[in-house]
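S.K.: Everything below, folded, please.
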Amino acid sequence: MIPYVTDTPDISIPANLLPADGRFGAGPSKVRHEAVDALAAVSGTYLGTSHRQKTVKSVVGSLREGLRQLFSLPDGYEVALGNGGTTCFWDAATFGLIERKSQHLSFGEFSSKFATAAADAPHLEEPEIIASEVGTHPEAVAREDIDLYALTHNETSTGVMMPITRPRGAAAPADGGGLVAVDATSGAGGLRVDPEQFDAYYFAPQKCFGSDGGLWVALLSPAAQDRIAAIAATKRWVPASLDLTIALSNSKLDQTYNTPALATIFLFDHQVSWFNEQGGLEFSAGRSDRSSEIFYTWADNSDFATPFVTREEDRSHVIGTIDLDGSINAATVAAVLRANGIVDTEPYRKLGRNQLRIAMFPGIDPDDVAALCACVNYVVGALAQ
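M.R.: Numbering: from 1, shown residues only. From the prediction side, this is the model:
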């Protein structure tokens, strides 16, 4: 287990080494100052207003259109949104996307949660769970009895990413094959994806999109929309707050079923607009590519740090995890960094490893990632004295 730090060593990192912004949390993520300033500028006419009126609905409409553009969604795909974050979407999917039986890839804390929700749902068959060791990812297997394949684009707890492709040999949904539903909470906006390879690509805004939590978004293919309608036609009981037919119909009106956090929606839309204005997904994913190149090159060349994920192609470009040599207490390093204004570099505690975990979301400047690496070097050197 990772030891706790009771007394943080008094180490002052030189100012010339410090990043311009010291926020590297895996979520809630860094919120860009430009977005906060923009929100402040409209706060008198936007915050505290009705989410059923044009003032807010125009921002929701802008967000939905911006996401269509960012992900190059084909004709017929819809952008749905609702309150509650990804956890609520998992519950909604057990009611409104899984018909009978699902298959889940489990390779970390968060990828396992949808599987648990499906297993606990009394109206569904026992799901098939394909697991692999942390630090790796499994592969989906086409089955005739599976009507939904649950994939995870990026496992936030371990720093593993996986390519999103339909299971090899699986029939298309139009021919009776299973839907592909992708948890993209920490990957969306920072990793490239082909919308032809998914039917539901769902996420929340507190990671790559530099906003706060409490909202879910799902990019839904025509096949996913048909599934939602078909399940609704069976009169399966669904709580209204988790009913995807209600969420979808409200989204088409540029609103949510119940009152959303207006600041969250504004910050979300601001980040999406920034991405699109700068070149879209190539721009946003490119920033994470550059940050991850800096981070892993540093770790590979270090004599005390080792990337936790062994296979280079599996190393996440948005969440980096590195193990430190056993002679170095990672918790102490993180505590010293925090005392110097560099925050949230601690690992996912349930993983129980002597490591650091840093976000490399598009809103984080690659130069700040380079500065972080230099600061870790400084701290480790100071602790060795």
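S.K.: Can you report how many residues lie near the closest residue to residue 89 other than its chain neighbours?
M.R.: Leaving out its chain neighbours, the residue that sits closest to residue 89 by CB to CB, 6 or more residues apart in numbering is residue 216, at 4.2 Å. Any C-beta I mention is one placed from the backbone N, CA and C, and that applies to glycine too. For residue 216, the number of neighbouring residues by other CB atoms under 10 Å comes to 24.
S.K.: Please apply the same query to residue 238.
M.R.: There are 18 residues near residue 238, going by other CB under 10 Å.
S.K.: my read: it touches residue 95, true?
M.R.: Yes. Using CB atoms under 8 Å, residue 238 is in contact with residue 95, at 4.3 Å.
S.K.: before we move on, the earlier item: and the residue nearest to residue 89, helix, strand or coil?
M.R.: strand (DSSP: H, G, I helix; E, B strand; the rest coil).
S.K.: Where does the prediction get shaky in this structure?
M.R.: 1-6 (pLDDT under 70).
S.K.: what separates the residue nearest the centre of it from residue 24, distance-wise?
M.R.: For the chain, the residue sitting closest to the mean C-alpha position, by CA atoms, centre = their mean, is residue 186 at 1.5 Å. Residue 186 sits 13 Å away from residue 24 when distances are taken as CB to CB, to the nearest Å.
S.K.: Which neighbours do residue 238 and residue 95 have in common?
M.R.: Residues touching both residue 238 and residue 95 (CB atoms under 8 Å, 6 or more residues apart in numbering) are residue 244.
S.K.: where along the stretch 251-385 of the chain do the strands fall?
M.R.: Assigned by DSSP state E, counting those that start in this stretch, the strands in the stretch 251-385 of the chain fall at 305-307, 319-324, 355-359.
S.K.: doesn't residue 82 fall inside a helix?
M.R.: No. Counting by three-state DSSP, one finds residue 82 to be strand, located in no helix.
S.K.: Spatially nearest residue to it, not counting backbone neighbours?
M.R.: Closest to residue 82 by CB to CB, 6+ apart is residue 247, at 4.2 Å.
S.K.: The one you found in helix, strand or coil?
M.R.: Residue 247 ends up helix, using three-state DSSP.
S.K.: That one and residue 257: what is the separation?
M.R.: Noted for residue 247: a distance of 6 Å to residue 257, by CB to CB.
S.K.: more neighbours, those two?
M.R.: Per other CB under 10 Å, whichever of residue 247 and residue 257 has more neighbours is residue 247, with 26 against 18.
S.K.: give the contact list for that one.
M.R.: 80-82, 92, 256-257.
S.K.: again, only this time at 10 Å
M.R.: 80-83, 88-89, 92, 96, 216, 218, 220, 228, 240-241, 256-257 (CB atoms under 10 Å, 6 or more residues apart in numbering).
S.K.: Roughly how far does it sit from residue 269?
M.R.: Distance from residue 247 to residue 269, counting by CB to CB: 18 Å.
S.K.: Tell me where the stretch 1-150 of the chain has helices.
M.R.: 33-46, 54-70, 85-96, 111-120 (DSSP state H, counting those that start in this stretch).
S.K.: What angle do helix 85-96 and the shortest one make with each other?
M.R.: Right, the one you point to is helix 111-120. Helix 111-120 runs at 30 degrees relative to helix 85-96, counting by axes from the mean of the first three to the mean of the last three CA atoms, to 10 degrees.
S.K.: Buried residues of helix 111-120, list them for me.
M.R.: 111-115, 117-118 (16 or more other CB atoms under 10 Å).
S.K.: now stretch 303-312
M.R.: So stretch 303-312, judged by 16+ other CB under 10 Å, has buried residues 304-305, 307-309.
S.K.: follow-up on the earlier one: ok, now how distant is the residue nearest to residue 82 from residue 215?
M.R.: 11 Å.
S.K.: list residues touching both of those two?
M.R.: 81-83, 88-89, 256.
S.K.: Tell me the one of the residues you listed nearest residue 197?
M.R.: Distance to residue 197, by CB to CB, is smallest for residue 89 among the shared contacts of residue 247 and residue 215, at 18.9 Å.
S.K.: Who are the contact partners of that closest one?
M.R.: With contacts defined as CB under 10 Å, 6+ apart, residue 89 is in contact with 80-82, 96-97, 114, 117, 181, 183, 185, 200, 202-204, 215-218, 242, 244, 247.
S.K.: possible to save the strands of the stretch 251-385 of the chain as a markdown table with distance to residue 141?
M.R.: Output for the strands of the stretch 251-385 of the chain, formatted as a markdown table (distance: least, CB to CB, whole Å):
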| stretch | distance to residue 141 |
| --- | --- |
| strand 305-307 | 28 |
| strand 319-324 | 26 |
| strand 355-359 | 30 |
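S.K.: and residue 295, which of those is closest to it?
M.R.: strand 319-324 (4.7 Å).
S.K.: Who are the packing partners of the closest one?
M.R.: Using 3 or more CB pairs under 10 Å, 6 or more residues apart in numbering; DSSP states H and E as the contact test, the elements touching strand 319-324 are strand 154-155, strand 160-161, helix 281-301, strand 305-307, helix 330-339, strand 355-359, helix 366-384.
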